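> Give me a 3D structure for the following:
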Amino acid sequence: MAMTQTELLHELEPVVAGELDRHHRVAKEWFPHEYVPWSEGRDFDGPYGGKAWEEGDSKLPEAARISLIVNLLTEDNLPSYHHEIATTFGRDGAWGTWVHRWTAEENRHGVAIRDYLTVTRAVDPVALERARMVHMEGGFQSDYTTMLGQLAYVSFQELATRIAHRNTGRASGEEGCERLLARIAADENLHMLFYRNLLKAAFELEPNQTMRAVTDVVKTFQMPGSTIEGFTRKAMIIANEGIYDLRLHLDDVLMPVLRQWSVFDKTGLDAEGEQAREELAAFLEKTETTAARFVARREERRARMG
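Numbers count the residues shown, from 1 in each chain. Alright, predicted model coming up:
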């Protein structure tokens, strides 16, 4: 008989404790204020009578600026993400300790990015604040109602976020921006390892349920910032610049994690588990075709533009 979610949470608790110990050993303490060039700061218009933001204030290329805004607005929705994982994993024992540690670390990311963007006048602070209000008022609700589904989702999502941050930093052309986003990406990588290792343990406990959860997540995956206003247009600009696109999603996110879980080498699956794996393989094959087509068209456009 398949385990219930409560039984799985209990069985995985020792694994959570072990992963938490490992995380505490390898995570490096860092301070957001050290990554912000405060000496570049100037007063804005308002009570201090400074200078209002103008388009020419930003030194960032458009795609990098858009990607930074998307990344920051995504980080801003942390209260909703905390609610989701705290509701699913609980606030007690090792699970609860991790939930709060993860939330504390993630909070630094939004603080650091916003300070950097504001001080360097990289983005319009008024438009950014209005976008934050709209996005946070919409909240975030996971599409996955099971613990296994949420574990699978964050395993992919944390890695996707790491790659998006690193590539945004490189695209910025700004040494300070790249340094900050590389530091944040290092956190995201450790978060990915935590969740990925938990789901690997879940495969040992419940291979069929876990395979189903992984397949469902891969087939329906959306970044948590997908509800940002104008996200489709923003995502296309980001993809056209090569900061994050379907090719990267498949090659650098989906396939490495799936290989770590050895999903196509699992034995002993029942009929439902095999069905889920077949669906996964078919979806990945279709995604490969779509990704290759996108890259080819992008290269054609770049060639035409000289």
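> Tell me the spatial nearest neighbour of A152, not counting adjacent residues.
In space, and not counting its chain neighbours, A152 is closest to V217: 4.2 Å by Cβ to Cβ, 6 or more residues apart in numbering. To be clear about C-beta, it is placed using only N, CA and C from the backbone, and glycine gets the same treatment.
> how many other residues sit next to the one you found?
V217 has 24 neighbours, counted by other Cβ atoms under 10 Å.
> swap in D143?
Neighbours of D143 under the rule other Cβ under 10 Å: 12.
> ok, it touching T220?
Yes. Between D143 and T220 there is a contact under Cβ atoms under 8 Å: 6.2 Å.
> ok, the residue nearest to A152 touching T145?
No. If you go by Cβ under 8 Å, V217 and T145 don't touch, sitting 11.9 Å apart.
> circling back: buried sites along the host helix or strand of the residue nearest to A152?
Here V217, judged by DSSP states H and E, is contained in helix 207-220. Across helix 207-220, burial judged by 16 or more other Cβ atoms under 10 Å covers 207-218.
> contacting residues around that helix?
Residues outside helix 207-220 that contact it (Cβ atoms under 8 Å, 6 or more residues apart in numbering): 2-3, 143-144, 146, 148-149, 151-153, 156, 199, 202-203, 254, 258, 261, 263, 266, 268-270, 272-273, 276-277, 279-280, 283-284.
> In CSV, list the C-alpha atoms belonging to that helix.
Output in CSV follows, covering the C-alpha atoms of helix 207-220 (Å, rounded to 0.1, in the frame of the first residue of the first chain):
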residue,chain,number,x,y,z
PRO,A,207,9.2,5.1,-6.5
ASN,A,208,5.8,5.1,-8.2
GLN,A,209,4.3,8.0,-6.4
THR,A,210,7.5,10.0,-6.8
MET,A,211,7.8,9.2,-10.6
ARG,A,212,4.2,10.4,-11.0
ALA,A,213,5.0,13.6,-9.1
VAL,A,214,8.2,14.3,-11.1
THR,A,215,6.4,13.7,-14.5
ASP,A,216,3.5,16.0,-13.5
VAL,A,217,5.9,18.8,-12.5
VAL,A,218,8.1,18.6,-15.6
LYS,A,219,5.1,18.7,-17.9
THR,A,220,3.5,21.7,-16.2
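> Count the neighbours of G242 for me.
As a burial measure, G242 scores 16 neighbours (other Cβ under 10 Å).
> check contacts around it.
Taking Cβ under 8 Å, 6+ apart as the test, what G242 contacts is 167, 171, 248, 298.
> what are the phi and psi angles of it?
Main-chain torsions, G242, degrees, to the nearest 10: phi 80, psi 20.
> Relative to V295, how far out is it?
9 Å (Cβ to Cβ, to the nearest Å).
> Could you export the contacts of G242 as CSV, including pLDDT, neighbour count and distance to L12?
As requested, these are exported to CSV (pLDDT from 0 to 100; neighbours: other Cβ atoms under 10 Å; distance: Cβ to Cβ, whole Å):
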residue, pLDDT, neighbour count, distance to L12
N167, 97, 22, 32
A171, 97, 22, 38
L248, 96, 19, 30
R298, 91, 16, 41
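> Nearest to M236, out of the residues you listed: which one, please.
Comparing the contacts of G242 against M236 with Cβ to Cβ picks out R298 as the nearest, at 10.6 Å.
> Leaving out chain neighbours, which residue sits closest to that closest one?
Using Cβ to Cβ, 6+ apart and skipping residues adjacent in sequence, the residue nearest R298 is N240, 6.2 Å away.
> Let me see the backbone angles for that neighbour.
Dihedral pair for N240: phi -60, psi -30, per degrees, to the nearest 10.
> do S142 as well
Reported as degrees, to the nearest 10, the phi and psi values for S142 are phi -60, psi 140.
> what about it, how many neighbours?
18.
> Next: L68.
By other Cβ under 10 Å, 25 other residues sit near L68.
> Over to the one 5 residues further on?
When neighbours are counted by other Cβ under 10 Å, L73 registers 24.
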